[in-house]
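Student: quick one, structure for this:
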Amino acid sequence: MSWITVPVSPEEVTSERLFKMARRHRLIPDNVVDAVDYYNGISGSCAMIDIRTEDDDELVGVIIVSEIVDGESAMVDLIPQPQFFTADQPFADEMRESIGPMFEKLIDGRNLRRLTAMVPKTRSRTFKALRASGFQKEGVMRKAIKFQGSKPEDVVIMGMMASKE
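Tutor: Numbering: from 1, shown residues only. Okay, here's the model as predicted:
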């Protein structure tokens, strides 16, 4: 099974869509007002990319690239669909072959030094998928985030550096 990346048109990247996706994946922090403000703030300036199966166009995951500063850096969020990121699914090769080059193209196209991802520790699928696509673990922020209905948890800082130094 091959995966492809499909850019979502900027008009479709609304704060409502971002909030609904976060709620569906239980990624809403305790402070809902701050979450809504954040989604309102990035909805006009972020890029959203769907990851889809090439054969039947099934949604595999979503990549959100925000806080883009040309010549500097950008933040990356990956929201995987769980059924594609299980131990018995060979997703590492797909991430390396399909998604890794997309991140490299983003770095080159915007002349970025780095991409950064902040992954809650309980999101092991996201961590493994980003690692497979070329991100490296850089550190941990202890008890940095608290989602609704859960205890505070650590956040793993991951980065992908530009290959040209």
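
Student: tell me if I'm right that residue 131 and residue 125 touch.
Tutor: No: with contact defined as CB atoms under 8 Å, residue 131 does not reach residue 125; the gap is 10.8 Å. Bear in mind the C-beta positions are built from the backbone N, C-alpha and C, glycine included.

Student: with neighbour numbers in mind, choose between these two.
Tutor: residue 125 (21 against 18; other CB atoms under 10 Å).

Student: contacts only, for that one.
Tutor: 80, 82, 85, 86 (CB atoms under 8 Å, 6 or more residues apart in numbering).

Student: which element is it on?
Tutor: According to DSSP states H and E, residue 125 maps onto helix 124-132.

Student: partner strands of the helix or strand following that helix, with direction?
Tutor: Per DSSP H and E, the first helix or strand lying C-terminal to helix 124-132 is strand 136-145. Using DSSP bridges, the strands paired with strand 136-145 in its sheet are strand 153-161 (antiparallel).

Student: show the contacting residues for the closest residue to residue 6 other than its chain neighbours.
Tutor: Leaving aside its chain neighbours, residue 6 sits nearest to residue 50 (4.5 Å; criterion: CB to CB, 6 or more residues apart in numbering). Residues in contact with residue 50 (CB under 8 Å, 6+ apart) are 5, 6, 7, 8, 59, 61, 62.
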